[in-house]
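[1] Structure for the following, please:
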Amino acid sequence: MSNFVFVLDTNKRPLDPVHPGTARHLLNSGEAAVLRRFPFSIILKEARPEATVQDLELKLDPGSKVTGIAIKQGNKIIFGAQLQHRGQQIQNALLSRRQLRRGRRNRKTRYRQARFLNRTRPDGWLAPSLQHRVLTTMTWVQKFIRLAPITCLAQELVRFDLQLMQNSEISGVQYQQGELKGYEVREYLLEKWNRRCAYCSVENVPLEVEHIQAKSKGGSDRVSNLTIACHGCNQGKGNQDIRDFLSSQPDLLNRILKQAKSPLKDATAVNSTRWVLFNYLKETGLPVTTGTGGQTKFNRTRLELSKSHWLDAACVGRIDGLEVLTSKPLLIVAKGHGTRQMCGTDKYGFPTRHRCRTQIHKGFQTGDIVKATVTAGQKIGSYRGRVLCRASGSFDIVTTAARVSGISHKYCQPIHKKDGYSYG
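    Prediction:
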């Protein structure tokens, strides 16, 4: 069953969410109108002073890539959502900008002496990709508070033990003795890989430090992601996935993958943002409760619920019983609000295109969700998705299946105005 529908009175005061069938009856009878499509909300046309309001609890399961959201009424889950973040896209965009700027400065300016310590960061500063996760989550918390009578909040305040994730038998003083205790990185790698190339096993040649998972593909500088390779193998692999590079040598592939441990980037992101998000939640003025990751897993196992982000959110904290009344969570994907860059560049930083200052074309804006019913031409059919606008009136529509080009604005009807997210 779908999520319950949010209801607001004529003064936009949130009332109890209703069953989708009840919402359909109110719309068909003319007693209510659609307020917004995502999340689906209706507004009553006449005041109902006798309407009662029950307290709702908003529960969060913060994650590095996806945050689970659930709304609980008594012991019933009436709404679920999964919010997909774009932290990795932000990190890649900042990295690309830094590289392009560095290239331009090297090409176009005289040597400038390096400057250090000329920028200060406030206490509690987070990297933009991490701050995005906190602010995006808070954006949706505020939205749900405006749409439903939320009276309390619950957050899974989990902390990952990164060393324990790498070594399940670690204890005591070993926590203070890292993997590189007594080594430099290069010397450690030479001993770890027996001073020979990890790919071709050649010895007595100059060896280079190699990333098992390339940095351009999300790999990190952790020692478990580094190996030693000769120049030929290093250049031959490039930024390929190691599974593609060693597809004809499965034994060697398995041996190298055993040396590489699971990445800890996601766990680190959650550890860095958990208290910042908690403090933001307290600023809403609503009571905030917390739960542990073990408690969430215990509740989910006891209630025999499947593993998913929104059901994890439903199981946060102390619960006696739970009845899940929805099976189709709202899938929210952060897409950003566009860019202010007026001059587009190629991968080398050279200008290739210039954009118009006008953002609205033919009544539409890039990022709007539209429905297009094409009745003539080669692309007859019905399409629904985010639109990419052009001044010519020939739009592209990004659907769940593909991107359709060359759709005239005459066939488009707006469904949901741009808000920086796509929905499914």
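
[2] How about exporting the strand or helix carrying T151 as PDB, limited to the C-alpha atoms?
    Using DSSP states H and E, T151 maps to strand 150-156. C-alpha atoms of strand 150-156 as PDB (Å, rounded to 0.1, in the frame of the first residue of the first chain):
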ATOM      1  CA  ILE A 150       5.100  16.100  14.300                       C
ATOM      2  CA  THR A 151       5.600  16.400  18.100                       C
ATOM      3  CA  CYS A 152       8.900  14.500  18.600                       C
ATOM      4  CA  LEU A 153      11.900  13.300  16.700                       C
ATOM      5  CA  ALA A 154      14.100  10.200  16.900                       C
ATOM      6  CA  GLN A 155      17.600   9.700  15.500                       C
ATOM      7  CA  GLU A 156      19.800   6.600  15.300                       C
END
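
[3] same for it, what does it pack against?
    strand 56-61, helix 265-282, strand 288-291 (3 or more C-beta pairs under 8 Å, 6 or more residues apart in numbering; DSSP states H and E). Where C-beta positions appear, they are placed from N, C-alpha and C, glycine not excepted.

[4] now it, how far from the chain's geometric center?
    Centre-to-centre, strand 150-156 and its host chain are 21 Å apart (C-alpha atoms, centre = their mean, to the nearest Å).

[5] what's the answer for stretch 342-355, then?
    27 Å.

[6] again with stretch 46-53
    With C-alpha atoms, centre = their mean, you get 38 Å for stretch 46-53.

[7] How about residues contacting stretch 343-355?
    Under the contact criterion C-beta atoms under 8 Å, 6 or more residues apart in numbering, stretch 343-355 has outside partners 99-100, 103-104, 341-342.

[8] out of those, who has the most neighbours?
    L100 (16 neighbours; other C-beta atoms under 10 Å).

[9] Enumerate every residue touching that one.
    Going by C-beta under 8 Å, 6+ apart, the list of residues near L100 reads 345, 348-349.

[10] One more: L157?
    274-275, 278, 290-292.

[11] Make a ChimeraX selection of whichever of those residues turn out to be buried.
    Only the buried entries of the contacts of L157 go into this ChimeraX selection, using 16 or more other C-beta atoms under 10 Å:
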select :274,278,290,291
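
[12] can you tell which of the helices and strands packed on strand 150-156 is closest to N239?
    Among the helices and strands packed on strand 150-156, helix 265-282 comes nearest to N239, with 17.4 Å by C-beta to C-beta.

[13] Packing partners of that closest one?
    helix 128-147, strand 150-156, helix 162-166, strand 288-291.

[14] let's see it at 10 Å
    With contacts taken as 3 or more C-beta pairs under 10 Å, 6 or more residues apart in numbering; DSSP states H and E, helix 265-282 sits against strand 56-61, helix 87-108, helix 128-147, strand 150-156, helix 162-166, strand 288-291.

[15] so it versus strand 150-156, what angle?
    Angle of helix 265-282 versus strand 150-156, following axes from the mean of the first three to the mean of the last three C-alpha atoms, to 10 degrees, is 150 degrees.

[16] Tell me the buried residues in helix 265-282?
    Within helix 265-282, the residues that qualify as buried are 265, 267, 269-274, 276-278, 280-281, counting by 16+ other C-beta under 10 Å.

[17] How far off centre is it?
    Mean-position distance between helix 265-282 and its chain equals 14 Å (C-alpha atoms, centre = their mean).

[18] That helix - what's its average pLDDT?
    For helix 265-282, mean pLDDT is 89.

[19] what do you get for stretch 48-67?
    Per-region confidence: stretch 48-67 scores 90 on mean pLDDT.

[20] Please apply the same query to stretch 316-330.
    Per-residue pLDDT values over stretch 316-330 give a mean of 90.

[21] Okay, buried residues for it please.
    By neighbour count with 16+ other C-beta under 10 Å, stretch 316-330 contains the buried residues 316-317, 319, 322, 324, 326, 329-330.

[22] Tell me which entries of those residues lie within strands.
    324, 330 (DSSP state E).

[23] Return the member of the buried residues of stretch 316-330 nearest to P20.
    Using C-beta to C-beta, T326 is the member of the buried residues of stretch 316-330 that lies nearest P20, at 9.5 Å.

[24] Can you tell me the closest non-neighbouring residue to the closest one?
    Closest residue to T326 apart from its sequence neighbours, by C-beta to C-beta, 6 or more residues apart in numbering: N3 at 4.9 Å.

[25] okay but the one you found is in contact with L147, surely?
    No: counting by C-beta atoms under 10 Å, L147 is not a contact partner of N3; they are 11.6 Å apart.

[26] Which neighbours do those two have in common?
    Counting by C-beta atoms under 10 Å, 6 or more residues apart in numbering, the contacts common to N3 and L147 are 17, 39-40, 71, 79.

[27] any chance of these in CSV, plus neighbour count and pLDDT?
    Below are the shared contacts of N3 and L147 laid out as CSV (neighbours: other C-beta atoms under 10 Å; pLDDT from 0 to 100):
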residue, neighbour count, pLDDT
P17, 25, 95
P39, 21, 95
F40, 19, 95
I71, 26, 96
F79, 27, 96
